[in-house]
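> Quick one: sequence plus predicted model below, questions after.
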Amino acid sequence: MEKTIEGLRQKDPGPFFHGTKAGLQPGDLLSAGYGSNYGEGREASFIYLTATLDAATWGAELARGEGPGRIYRVEPTGPFEDDPNLTNQRFPGNPTRSYRTREPLRVVDEVVDWAPHTPEDLLNMRAHLDELDRQGIEAINE
């Protein structure tokens with residue numbers, strides 16, 4: 001199934017999600033240009049979205065900052081592409097349905113009934129990211 005976004009056809013119709021710790025309201029725009037949640041926290045050239053709650057859950061749980069993790073349903077305002085940080089390195093074929101865009105994402109609403117990962121899974125993921133940092137491997141390549 002395809003969805004048209006500003007005249008372009010996108011193969012994934014969504015719905016789309018974004019995990020973060022930021023408190024947002026419907027209509028707010030999420031944009032690139034802020035520090036990444038991963039690696040050295042460099043300014044991100046892209047904003048990330050996913051069509052799976054599991055991937056958004058990781059984003060919410062691993063986001064930097066204070067406060068609870070949050071997941072928002074979002075609408076892309078422009079074209080998006082497969083997230084090469086996942087699809088080319090860890091999950092060929094993009095089963096996580098993870099994407100990135102240079103265009104803003106519009107917040108539709110907050111998802112309030114999401115289930116967190118187990119404490120063990122979260123600990124393992126944090127250990128994996130810490131190991132990447134220790135090796136000097138940037139988790140987000142832009």
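Sure thing, it's come through.

> just for this structure, where's the confidence low?
Low-confidence segments of the chain, defined by pLDDT under 70: 1-10, 35-42, 86-93, 136-142.

> hmm, 50 instead?
Within the chain, the ranges that satisfy pLDDT under 50 run 1, 7-8.

> quick one, helices of it?
Under the criterion DSSP state H, the chain contains helices at 53-62, 84-87, 119-134.

> Tell me how far the longest one lies from the chain's centre.
Just to be clear, that refers to helix 119-134. 17 Å (Cα atoms, centre = their mean, to the nearest Å).

> That helix - contacts with which helices or strands?
Applying 3 or more Cβ pairs under 8 Å, 6 or more residues apart in numbering; DSSP states H and E, one finds that helix 119-134 makes contact with helix 53-62. Where you see a C-beta, it was placed from the backbone N, CA and C, and this is true even at glycine.
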